[in-house]
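A.B. asks: fold the following and give me the result.
(one chain, ligands or ions: 1)
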Amino acid sequence: MPMSESFKQRLFPVVKQIAEHYGTPFHIYDEAGIRETGENLKKAFAGIEGFREYYAVKALPNKRILQIMKELGFGFDCSSIPELILSRELGGRGEDIMFTSNNTSIEEFRFAEADGGCILNLDDISLIPKVPEFPELICFRYNPGPRRTGNVIIGNPVEAKYGVTHEQVVEAYRQAKERGAKRFGLHTMVASNELDYTYMVETARMVLEIAELVEKELGIRFEFVNIGGGFGIPYKPEQQPLNIAAMAKEITAQFEAFKARHGYAPRMYMESGRFMTGPHGALVTTAINHKDTYRKYVGLDACMSSLMRPALYGSYHHIDVLGKENQPKSEVYDVVGSLCENNDKFAIQRELPPIEEGDLVILHDSGAHGHAMGFQYNGRLRPKELLLREDGSVELIRRAETVEDYFATYNFQPDAFTPAKG
Ligand SMILES: *Cc1c(COP(=O)(O)O)cnc(C)c1O
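C.D. replies: Numbers count the residues shown, from 1 in each chain. Model prediction:
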């Protein structure tokens, strides 16, 4: 079950009018659905003291959406300077922001530490001496390596570039202590788009075990453990949603057991992106061409600059043709954009009802890693973003890119340079 029935019921009856007013293509996000998912997440984990979601800004870095996350009481998970700027513009300061970067530059550390700072989440032991002003509160990203089997998208932990190894983890906190750290957190991220809730339960068990191990070796206490993002959503109609209730129940029990053993438990953080917004977005396009060659093609007025996932990962995004949701799927199409790249296809050999030029073609689940992953290759620009508000009104929350944006990087001071002959 891709896009929720309730979003469909809010969007489909009015989407033609919205398309006429704003023009296609556009991503549209469902405020009611985002808020509901956020409230449900908080409710599910209410049994863990100090539970907090840090929304992974990269999934949908739109100010208006981040404002909703802030209203839900969530923090922000950032990994770049522009993401820090966005989070701070919305009032995020200090422990509202996790900075989970990797291959980090000194400039990024300086920026992260300025303006009220944030929680530094270090990706490697070699970065400890490079942090300009070592903070009191420090976190490390832990990579279990061969101790965990891989999840499909993020791959085998041994091959992942992230985090400190099992063998390094105690030493990392020891060195951090030597640099003056007094407060500690522990982070991991070992899954992406995982629909099996038991995988997340194992992740929580793993971070609590590592916290115990480090605590025993160094006599430090962990204020929080962060189980990362990677909570999956069902992109395909036959997939079942992640069982959040069962997951929360089992993870909560682990925190209670930790508390029984130690007399306290760390807080639990997570940093979901996809789970929070993925199903609450749709890319609305218009069919503009038909082509009948070795295969049947339908050409849309959007391309992979609006939604990269199918081309990048071969991902499935469900497609509805407005007004034809219940018609027999009697055609087989490749649904394509106009980029000069043969993998610029939203769907390959997809069974769909007959599509006519002018039909609104709606791609589901574009609310995370959709617009955000867009690019400008081939001079194909990113579309606008709209918010379907709770009261049923619609708001433009980002305009479409223009040719002026595309050419903006030609605005610079002339700078020619002749290197001395060596
Ligand atoms: C990408 C990312 C996330 C969010 O992942 P989702 O699959 O969107 O939940 C969270 N944390 C880190 C460190 C990430 O890189």
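
A.B. asks: residue contacts, the residue in the stretch 301-422 of the chain that the ligand sits nearest to?
C.D. replies: Among all residues of the stretch 301-422 of the chain, residue 368 sits closest to the ligand, at 5.4 Å; criterion: Cβ to the nearest ligand atom. All C-beta atoms are positioned from the backbone trio N, CA, C, and that covers glycine. Applying Cβ atoms under 8 Å, 6 or more residues apart in numbering to residue 368 gives the contacts 59-60, 233, 273-274, 276-278, 281.

A.B. asks: close to the ligand, is stretch 26-44?
C.D. replies: No. Residues of stretch 26-44 contacting the ligand under Cβ under 6 Å from any ligand atom: none, with a closest distance of 11.9 Å.

A.B. asks: could I get that stretch in CSV with only the CA atoms?
C.D. replies: What follows is stretch 26-44, C-alpha atoms only, in CSV (Å, rounded to 0.1, in the frame of the first residue of the first chain):
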residue,chain,number,x,y,z
PHE,A,26,5.1,19.5,-9.0
HIS,A,27,5.7,17.6,-5.8
ILE,A,28,2.9,18.0,-3.3
TYR,A,29,3.2,17.1,0.3
ASP,A,30,0.4,16.2,2.8
GLU,A,31,0.6,18.2,6.0
ALA,A,32,-2.1,16.1,7.7
GLY,A,33,-0.3,12.9,6.9
ILE,A,34,3.1,14.1,8.1
ARG,A,35,1.7,15.4,11.4
GLU,A,36,-0.2,12.1,11.9
THR,A,37,2.9,10.0,11.3
GLY,A,38,4.9,12.3,13.7
GLU,A,39,2.3,12.1,16.4
ASN,A,40,2.1,8.3,16.1
LEU,A,41,5.8,7.9,16.3
LYS,A,42,5.9,9.9,19.5
LYS,A,43,3.0,7.9,21.0
ALA,A,44,4.6,4.6,20.0
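
A.B. asks: that one: how far from the chain's middle?
C.D. replies: The chain centroid and the centroid of stretch 26-44 are separated by 14 Å under Cα atoms, centre = their mean, to the nearest Å.

A.B. asks: check stretch 93-108 too.
C.D. replies: How far stretch 93-108 lies from its chain's middle: 16 Å, per Cα atoms, centre = their mean.

A.B. asks: now residue 300, nearest residue through space, not along the chain?
C.D. replies: If the residues on either side of it in the chain are set aside, residue 300 comes closest to residue 285, at 4.2 Å by Cβ to Cβ, 6 or more residues apart in numbering.

A.B. asks: surely the one you found forms part of a strand?
C.D. replies: Yes. When classified by DSSP: H, G, I helix; E, B strand; the rest coil, residue 285 is found to be part of a strand.

A.B. asks: is it in contact with residue 358, as I believe?
C.D. replies: No. Between residue 285 and residue 358 there is no contact under Cβ atoms under 8 Å: 11.4 Å.

A.B. asks: tell me who's in contact with the residue of the stretch 251-400 of the chain found nearest the ligand.
C.D. replies: In the stretch 251-400 of the chain, the residue found nearest to the ligand is residue 273; the distance is 2.7 Å by Cβ to the nearest ligand atom. Neighbouring residues of residue 273 by Cβ under 8 Å, 6+ apart: 55-60, 77, 229, 368-369.

A.B. asks: how about the residues of this structure near the ligand?
C.D. replies: Residues of the chain lying near the ligand (Cβ under 6 Å from any ligand atom): 56, 58-59, 77, 100, 189, 192-193, 228-231, 271-275, 368.

A.B. asks: looking at the residues you listed, which are in strands?
C.D. replies: Under the assignment DSSP state E, those contribute 56, 77 to strands.

A.B. asks: list the ones among the residues of the chain next to the ligand that fall in helices.
C.D. replies: Under the assignment DSSP state H, these contribute 274-275 to helices.

A.B. asks: count residues in the vicinity of residue 46, would you?
C.D. replies: 11 (other Cβ atoms under 10 Å).

A.B. asks: so it lies in a helix, does it not?
C.D. replies: No. Assessed with three-state DSSP, residue 46 is coil; it does not lie in a helix.

A.B. asks: isn't residue 98 up against residue 76?
C.D. replies: Yes. Residue 98 is within contact range of residue 76, at 7.4 Å (criterion: Cβ under 8 Å).

A.B. asks: which neighbours do those two share?
C.D. replies: Residues touching both residue 98 and residue 76 (Cβ under 8 Å, 6+ apart) are residue 54.

A.B. asks: who's in contact with residue 324?
C.D. replies: Counted by Cβ under 8 Å, 6+ apart, residue 324 has contacts 353-355, 359.

A.B. asks: hmm, I was thinking of residue 265
C.D. replies: For residue 265, the contact set (Cβ under 8 Å, 6+ apart) comprises 48-49, 255-256, 258-259.

A.B. asks: can you confirm it is in a helix?
C.D. replies: No. Under three-state DSSP, residue 265 sits outside any helix and is assigned coil.

A.B. asks: with adjacent residues omitted, what lies nearest to residue 89?
C.D. replies: residue 63 (6.9 Å).

A.B. asks: if you could redo that for residue 187, that was the one I meant.
C.D. replies: residue 226 is the one closest to residue 187 (Cβ to Cβ, 6+ apart), at 4.1 Å.

A.B. asks: what number of residues lie near that neighbour?
C.D. replies: There are 27 residues near residue 226, going by other Cβ under 10 Å.

A.B. asks: so it makes contact with residue 98?
C.D. replies: Yes. At 7.0 Å, residue 226 counts as touching residue 98 under the criterion of Cβ under 8 Å.
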